[in-house]
Each structure stands twice: as structure tokens, then as C-alpha cells.
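Mind looking at a prediction? Sequence and model below.
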Amino acid sequence: MPVIFFLLWIVFNGKVTTEIVLTGLPVTALVSLFSYRLTGYSAASDLKLIRNIPLLILYVLNLIREIAISASAVMLMIIRGRAPEPVIIEFRSGLASEAKNVLLANSITLTPGTITMFQEGDRFVIHCLRPEYGRGIDDSSFIRLLRRFK
């Protein structure tokens, strides 16, 4: 987080000079300490995030792939004139972390043909345009990747 704050300091100042760098270092250190105390965030959280960057990149690539596949399926449904057969699916993700469950809920909503209607803890209620769009959602590639996050 201190690195991000320092980069923002440089961007907001619009140039890099010795004065800006020397002023920015203590200012960003103080802002980091303040944010750590205010939010309960810690340097250990930064290290955990850094260790998960490869998985995060893999997750984003998987999300893009799933969006493309789902968009194609919805597009073919429209082109072929197939009527939607909306279904509501309820399942449990089995993910303990609230952050992982929220990420899963947003990923499902970003995927065409599915919308997260309700999410509380690891309980999800999903609306799908067709029944096949929701098959296997409780053991999807999203959930398998999120289980690997530390």
C-alpha cells in the first residue's frame, strides 16, 4: 500500500523532482500508517496480496474467457431465436471468506446470461437465462480458483 500511495503522490504532482520525492516519502508513510490503523489493514495483507498476484492474473484471464464463452452462448440463443427459459438456482460456494464470496458474486453477474440476485455468506441465489447456464455453477472454475487463494 505505501508503494501505491507514493505512486499516486508522484502522479498527482505531475513531475518527479528531489523535493517532491523527499516530501512524498514521509507523507505517504504517514498516510499508510493512518490507513493501517483506521482499516485494520496490515503489511502482512500486502504480502499476502503480492503472493496471490499470479492467481489473481489467472482468475482475471479465466473471467475473460468465461465472459467470452457466455457471450457467445447468449448471442447464439438470440440469433437462433431460442426463447429464454429463466431459472433460479440456489447453491452454497463453500468459500469461508466474505471477500471471495463477493468476488464470486460479481464474477457471476459479469458473465452474460447469469445474475447474482442474492448473496449472503456462502449462499447464492442466481438467475440464469437458460437452465444449462447454471449447471455446475457450484463447482465452477471461479470457485476452484478462489479456493486456491490464501
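Ah, there it is.

other SSEs contacting the host helix or strand of Leu56?
Leu56 belongs to helix 53-79 when assigned by DSSP states H and E. Judged by 3 or more Cβ pairs under 8 Å, 6 or more residues apart in numbering; DSSP states H and E, the packing partners of helix 53-79 are helix 98-110, helix 141-148. Glycine gets a C-beta too; all of them are placed from N, C-alpha and C.

And it, what's buried?
Neighbour counts over helix 53-79 (16 or more other Cβ atoms under 10 Å) mark Tyr59, Asn62, Leu63, Glu66, Ser70, Ala73, Val74, Met77 as buried.

Using CSV, lay out these together with pLDDT and distance to Ile137.
CSV is the format used below for the buried residues of helix 53-79 (pLDDT from 0 to 100; distance: Cβ to Cβ, whole Å):
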residue, pLDDT, distance to Ile137
Tyr59, 94, 16
Asn62, 95, 14
Leu63, 95, 14
Glu66, 94, 11
Ser70, 94, 12
Ala73, 93, 14
Val74, 94, 16
Met77, 93, 18
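
quick one: the helix holding Leu56 to helix 141-148, angle?
170 degrees (axes from the mean of the first three to the mean of the last three Cα atoms, to 10 degrees).

so after helix 53-79, what's the next helix or strand?
Next in line after helix 53-79, if elements are assigned by DSSP H and E, sits strand 87-92.

strand partners of that next one, parallel vs antiparallel please.
Paired neighbours of strand 87-92 in the sheet (DSSP bridges): strand 123-128 (antiparallel).

how close does Asn128 get to Gly24?
No Asn there; residue 128 is Cys. The gap separating Cys128 from Gly24 is 49 Å, by Cβ to Cβ, to the nearest Å.

swap in Val74?
48 Å.

can I assume Val74 is in contact with Cys128?
No - look at Val74 against Cys128 with Cβ atoms under 8 Å: they stay out of range, at 10.7 Å.

who touches both of the two?
Shared between the contact lists of Val74 and Cys128 (criterion: Cβ atoms under 8 Å, 6 or more residues apart in numbering) are residues Gly113.

Redo the helices and strands packed on helix 53-79 as TSV? Include mean pLDDT, distance to Arg37 and mean neighbour count.
What follows is the helices and strands packed on helix 53-79, written out as TSV (pLDDT from 0 to 100; distance: least, Cβ to Cβ, whole Å; neighbours: other Cβ atoms under 10 Å):
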stretch	mean pLDDT	distance to Arg37	mean neighbour count
helix 98-110	93	20	17
helix 141-148	91	29	16
